[in-house]
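The following comprises the amino acid sequence and a computationally predicted model.
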Amino acid sequence: MPPSPPNNSSAPAGQGNFSGGCLSEIDDEPSTASTPAGVDLPRIERAVREILAAVGEDPDREGLLETPARVARMYAELFSGLHSDPSIHLKKFFTEKYDEMVLVRDISFNSMCEHHMLPFIGKAHIGYIPNGKVVGLSKLARVVEEISRRPQVQERMTEQIANLLIQELDVKGVAVVIEASHSCMSIRGIRKPGSVCVTSAMKGIFRSNLSSRSEVMTLIYGDRR
Ligand SMILES: [Zn+2]
């Protein structure tokens, strides 16, 4: 008495689930209709088609026909930071006498690891001690956004954010801490999902003064432990 083969009613359920989740994503049109300057969409499309063929797929099968164009638009979005200058967000500052710490915690971001072209996703925390110049808090989030939207490594991204605040705001000290999980560690290679990479850049007072440094670390992590 062999078990009867799965009937038709079970297969569509599974397939429906699978393609349903995917289909909800594929109608996504780019938020900006125009091609970002400096991005060659047709060239990306050709390359994606080539990758599909190279891994043994048929780029002409129905489900894949639109994929190269979709991936090209996605890359244009994910790498849009290559064509923008994050320092412009720090040019508009307020002159304030305030010289205590300003901290913006939990700025979420997603970036692309430049070694594998796979996403790494996490949060950035930025603390600084102004030297007469204070920026709107959302500007720090914009800086993180633009610096993350390019092929990146987390260590460099951390340094770039810290250096930008020194360069544009002449801060007395800046502390940048980034925590992220890397797809290239969770889905391939060593396959350790859940591991978090933490990087920090401490400049000025936060580098030279231990109590300032522990103060910013307490403010970032204090109530989470
Ligand atoms: Zn990687």
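Here it is on my side, so go on.

Please count neighbours and contacts with C-alpha atoms only from this point.
Fine.

who touches residue 197 in this structure?
Applying C-alpha atoms under 8 Å, 6 or more residues apart in numbering, we find residue 197 in contact with 178-182.

so which of the residues you listed comes closest to the ion?
residue 182 (6.8 Å; C-alpha to the ion).

So for the closest one, what's the pLDDT?
For residue 182, the pLDDT comes out at 96.

Run a quick neighbour tally on the nearest residue to it once chain neighbours are set aside.
Among residues not flanking residue 182 along the chain, residue 120 sits closest, at 4.2 Å (C-alpha to C-alpha, 6 or more residues apart in numbering). Per other C-alpha atoms under 10 Å, the neighbour tally for residue 120 reads 23.

bridging residues for residue 120?
Beta bridges link residue 120 to residue 111, residue 182, judged by DSSP bridges.

I'd say it and residue 108 touch.
No - counting by C-alpha atoms under 8 Å, residue 120 sits too far from residue 108 to count as a contact (11.1 Å).

what residues does stretch 91-106 touch?
123-137, 140, 168, 216, 219-220.

Only the buried residues of it, if you could.
In terms of neighbour count (16 or more other C-alpha atoms under 10 Å), stretch 91-106 has its buried residues at 102-106.

Just the closest of the residues you listed to the ion, please.
Nearest to the ion among the buried residues of stretch 91-106, with distances taken as C-alpha to the ion, is residue 106, at 22.4 Å.

coming back round to it: sort out which of the contacts of stretch 91-106 are buried, if you could.
The buried subset of those - by 16+ other C-alpha under 10 Å - is 123-135, 140, 168, 216, 219-220.

Counting only strands, which of the residues you listed make the cut?
Among the buried ones among the contacts of stretch 91-106, DSSP state E puts 123-129, 133-134 in strands.

what's the farthest-apart pair in the residues you listed?
123 and 133 (24.5 Å; C-alpha to C-alpha).

re the thing from before, in PyMOL, select just the buried ones from the contacts of residue 197.
Burial among the contacts of residue 197 is assessed by 16+ other C-alpha under 10 Å; the matching PyMOL selection reads:
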select buried, resi 178+179+180+181+182
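
Distance to the ion added to the contacts of residue 197, as a markdown table?
Converted to a markdown table, the contacts of residue 197 look like this (distance: C-alpha to the ion, whole Å):
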| residue | distance to the ion |
| --- | --- |
| 178 | 16 |
| 179 | 15 |
| 180 | 12 |
| 181 | 10 |
| 182 | 7 |
